[in-house]
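S.K.: here is my input, please return the structure:
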Amino acid sequence: MINKKLLLLIFCSSLLVLIVGLTSTPSLGDEVSHFRFAKAICVTGQRITYDPLYDSKSPLGYFYNSAPLWHTLLASVWRLFGKMSFPVAQFYHTIYFALLILFTYLLGKELYGQKQGLYSALIVATAPAITAFSVLFYLDVPATSLSVLCLLLIVKREFLLSGVILGLMSFTKRNACFFVPAFFSLVLYLTESGVKKKIKSCLLFLAPAFLPILYDLVWRENNQRSITTTNGNITSRIGGNFNRIIHRLTFFDWNIRTSEYLNSSFLNPVDVAKYFGVVLLITLAIYIIFKLYEKKDIILWLPVICYFLLFCYIFYLGSDIRYLLPVIPLLAILSSKAIVKYFHRKWLIIVLVLLCFVQFSSTLGYVRAKRQIPKGIAEGFTYLQKNTSTNALVVYPEYVILEQANRQFAWAGNIRPVLENLFWNKDEDKVRELLKSNDIDYIAVKKARIYDDSKVHHLGGYPKSFVERLPELSFLKLVFDNKDMSIWQIE
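M.R.: Residues are numbered from 1 along each chain as shown. Have a look, this model is predicted:
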C-alpha cells in the first residue's frame, strides 16, 4: 500500500509544478524544439527529420535529432483530445515528475525500507534540477523516471520488463543508455549462481531493448542524411561534433576561436549546488563522512559511477550539469540513509523539510520568471510575423522564434561556422558575402543576450563588438527597435 505522506508529496509538488507550467510559456532553450517536434508528429502522423518551417533542402534547417518517445506519446494524447493543446502537454509532462517521485520511493523502499524511500522521494521532488526540468519541456526528467523504473525492476529480478523499459529509455533520451553497462552487470550480479541462469537473465534483459535500439539506428542512417550548401560553406552530419572541427580547419580563419557556451558547469561548485540542491549535497556528505556504506549500496553506486564516467567521456567533466540529472534519484536514496541515521530530533526533520520547501519554491519562482516572453521581445516577434516574408531567415539565438514569430532562424548548429566569422570579421565585404551566400535576411538582436567579448568568444549570445558595429555596416537597415530587441534588415 502506498504511503499517505508519499501521495500528499506527489499531489502537492506535482500540482505546484503544473501551475507554474500553465502560467508560463514554453520559450527556454530546447523545450520549444521538443514542443514543435510533438506538434509536427501530431500533424503528419509520422516521425519527421526537420522542422516544417524549413524547406527539406535547406542546409540551415532545424533538424529533429531527439529520441522520439516523449513527442510521439504527446502527439497520441493530443489525438485522443482531438486537438493540440499546451495545457494538455504541460499536464502530460508533469506526469513524468510524479512517476519519478513514485519510482524513487519504491526503489528506496525496496532497498532500505519505507523511511528511506519517503525521504528519497522528498529529496528528489525538491531537487532544483528535477523541479526545473519538470516544468520545462526537456527530456531529462522523463528519461530519469524510466531509468529509475528500470533499476527497480532489475532489483526485483523482473529482467524481461526491465529490458522493455531499457528500450523505452533509449527512445526517450539517448544518454540514459549510460546506465546500460552497470544495469547489465547488476543483472549478472543479482541472478542466482549458474552459467545458464545468468545467460538466460541477460538475454531476457537485452532482447526487448535490442530491436528498438536497432530500429532507431537504422532510421537515423536512412533519414538523417549529410547536407552541403551550394557554395561549400557548410558540410554537416546531423548531430555530429567531428565535422565542427573540420569546418574550422577547412573553411575558415584559424584565428577564430569560440568556446562552448554552457548554462552550467560541473566544475563550478555554485552551479552544482544550484542544480543538485543543498539538501542532497549535505545529506550525501554525511553519508560519505560517516561511512554509512553497506554491501547493497553497490546497486546504486555502480550505475552512478558508470554513468558519470561515460558522461565525462562522451561530454567532458565541465559539461552542463543537466546531463547528470539521471544520477540524482540514486544519490538521493543513498543520502536518505544519513537522514534516517542522524535526523532523530523533530526539529531537525522540520529544518530538513523547510530547506526542501525553500529550494523547491525558489526554483519554481525562478523558472516561472524566466519562462516568460518579455513584452518588447513579443513586439519584435509580431513585427517579424507581419512585416517579413514567410520564408525569411533570421539570425536569432533562441528556438522560440520558430513558435512565436513563425519564422526560420539560424544560430549555432549548421550555421555555427558562419556566425564565428560573421561576428568577428572586420571586412565589411566578407560579412555581406557571408550573409548573402547563406540567404540570411534579418539579424534580430535580443539585447539581454549581448555579452562582453573582449576576453572570451562564444555563441551564447551576441558579441558586444559585433552589435556596436551594426550601425556602421552600409548594407544593414534598422527596421525595428525597442528596449528589448532590435531588428536589422540585410539590403
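
S.K.: now do the phi/psi pair for Asn421.
M.R.: phi -80, psi -40 (degrees, to the nearest 10).

S.K.: can you check Trp488 too?
M.R.: The phi/psi pair for Trp488 (degrees, to the nearest 10) is phi -120, psi 130.

S.K.: return the distance of Lys430 relative to Leu393.
M.R.: 19 Å (C-beta to C-beta, to the nearest Å). Any C-beta I mention is one placed from the backbone N, CA and C, and that applies to glycine too.

S.K.: tell me the pLDDT of the residue lying farthest from the centre of the chain.
M.R.: For the chain, the largest distance from the centre (C-alpha atoms, centre = their mean) belongs to Gly194, which lies 41.4 Å off. Turning to Gly194, the model gives it a pLDDT of 89.

S.K.: residues in contact with it?
M.R.: Counting by C-beta atoms under 8 Å, 6 or more residues apart in numbering, Gly194 touches no other residue.

S.K.: quick check: closest non-adjacent residue to Tyr383.
M.R.: Phe480 (4.7 Å; C-beta to C-beta, 6 or more residues apart in numbering).

S.K.: let me fix that: Ala332
M.R.: Closest to Ala332 by C-beta to C-beta, 6+ apart is Ile123, at 4.0 Å.

S.K.: which pLDDT value belongs to the one you found?
M.R.: The model's pLDDT for Ile123 equals 98.

S.K.: what number of residues lie near it?
M.R.: 29 (other C-beta atoms under 10 Å).

S.K.: for the helix or strand containing it, packing partners?
M.R.: Element membership of Ile123 [criterion: DSSP states H and E] is helix 114-126. Judged by 3 or more C-beta pairs under 8 Å, 6 or more residues apart in numbering; DSSP states H and E, the packing partners of helix 114-126 are helix 4-22, helix 86-112, helix 278-289, helix 328-342, helix 346-370.

S.K.: for this protein, where's the lowest mean pLDDT among helices and strands?
M.R.: When the helices and strands of the chain are scored by mean pLDDT, DSSP states H and E, strand 235-236 comes last with a mean of 34.

S.K.: can you report phi and psi for the residue nearest the centre of the chain?
M.R.: Nearest to the geometric centre of the chain sits Tyr138, at 4.5 Å (C-alpha atoms, centre = their mean). Dihedral angles of Tyr138 (phi, psi; degrees, to the nearest 10) stand at phi -100, psi 160.

S.K.: again with Phe315
M.R.: Dihedral pair for Phe315: phi -100, psi -120, per degrees, to the nearest 10.

S.K.: would you check that it makes contact with Ile321?
M.R.: No. Using C-beta atoms under 8 Å as the test, Phe315 is too far from Ile321 to be in contact (10.6 Å).

S.K.: same drill for those two, tell me which one is more crowded.
M.R.: A count of neighbours by other C-beta under 10 Å puts Ile321 above the other of Phe315 and Ile321, at 22 against 16.

S.K.: tell me which residues touch that one, please.
M.R.: 129, 264-266, 271-272, 275-276.

S.K.: and of those residues, the nearest to Leu354?
M.R.: Comparing the contacts of Ile321 against Leu354 with C-beta to C-beta picks out Phe276 as the nearest, at 18.1 Å.

S.K.: poorly predicted segments of the stretch 251-400 of the chain, please.
M.R.: The model of the stretch 251-400 of the chain has pLDDT under 70 over residues 251-260.

S.K.: at 80 instead, please
M.R.: 251-261 (pLDDT under 80).

S.K.: follow-up on the earlier one: my guess is the residue nearest to the centre of the chain contacts Asp30, does it?
M.R.: Yes. Using C-beta under 8 Å, Tyr138 is in contact with Asp30, at 6.2 Å.

S.K.: distance of the residue nearest to Ala332 from Val340?
M.R.: From Ile123 to Val340 the distance is 12 Å (C-beta to C-beta).

S.K.: what does Phe91 give?
M.R.: 34 Å.

S.K.: and Thr363, by the same measure?
M.R.: 25 Å.

S.K.: what is the neighbour count of Ile487?
M.R.: Neighbour tally, Ile487, other C-beta under 10 Å: 22.

S.K.: which strand or helix spans the residue nearest to it when sequence neighbours are not counted?
M.R.: Once flanking residues are discounted, Ile487 sits nearest to Phe480: 3.9 Å by C-beta to C-beta, 6+ apart. Secondary structure from DSSP H and E places Phe480 in strand 476-481.

S.K.: who are the packing partners of that strand?
M.R.: Using 3+ C-beta pairs under 8 Å, 6+ apart, strand 476-481 sits against helix 375-387, strand 485-490.

S.K.: okay if I get the ones you listed as TSV plus distance to Gln116?
M.R.: As requested, the helices and strands packed on strand 476-481 are exported to TSV (distance: least, C-beta to C-beta, whole Å):
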stretch	distance to Gln116
helix 375-387	46
strand 485-490	50
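
S.K.: deepest in the core, which of these is it.
M.R.: When the helices and strands packed on strand 476-481 are scored by mean count of other C-beta atoms under 10 Å, the highest mean neighbour count falls to strand 485-490 (a mean of 20).

S.K.: domain map for the protein?
M.R.: The record, using automatic domain parsing to delimit domains, assigns the chain the ranges 4-225+261-370, 373-490.

S.K.: endpoint to endpoint, the shortest one covers what distance?
M.R.: Across domain 373-490, the straight-line distance between its terminal residues is 26 Å, by C-alpha to C-alpha, to the nearest Å.

S.K.: kindly report the same for the first one.
M.R.: Here the two ends of domain 4-225+261-370 are set 34 Å apart, with distance taken as C-alpha to C-alpha.

S.K.: now do that domain: distance to the chain's middle.
M.R.: 10 Å (C-alpha atoms, centre = their mean, to the nearest Å).

S.K.: before we move on, the earlier item: Thr363 and Val340 - which one has more neighbours?
M.R.: Taking neighbours as other C-beta under 10 Å, Thr363 and Val340 compare with Thr363 leading, 24 against 15.

S.K.: and the more buried one, how far from Pro128?
M.R.: 4 Å.

S.K.: let me see the contact set for the residue nearest to Tyr383.
M.R.: So Phe480 contacts 380, 383, 486-487 (C-beta under 8 Å, 6+ apart).

S.K.: ok, of the residues you listed, which one's closest to Arg47?
M.R.: Looking across the contacts of Phe480 and measuring by C-beta to C-beta, the closest to Arg47 is Gly380, at 32.4 Å.

S.K.: so which residues of the stretch 201-350 of the chain form strands?
M.R.: Remark: strands assigned in the stretch 201-350 of the chain by DSSP state E, counting those that start in this stretch are 227-228, 235-236.
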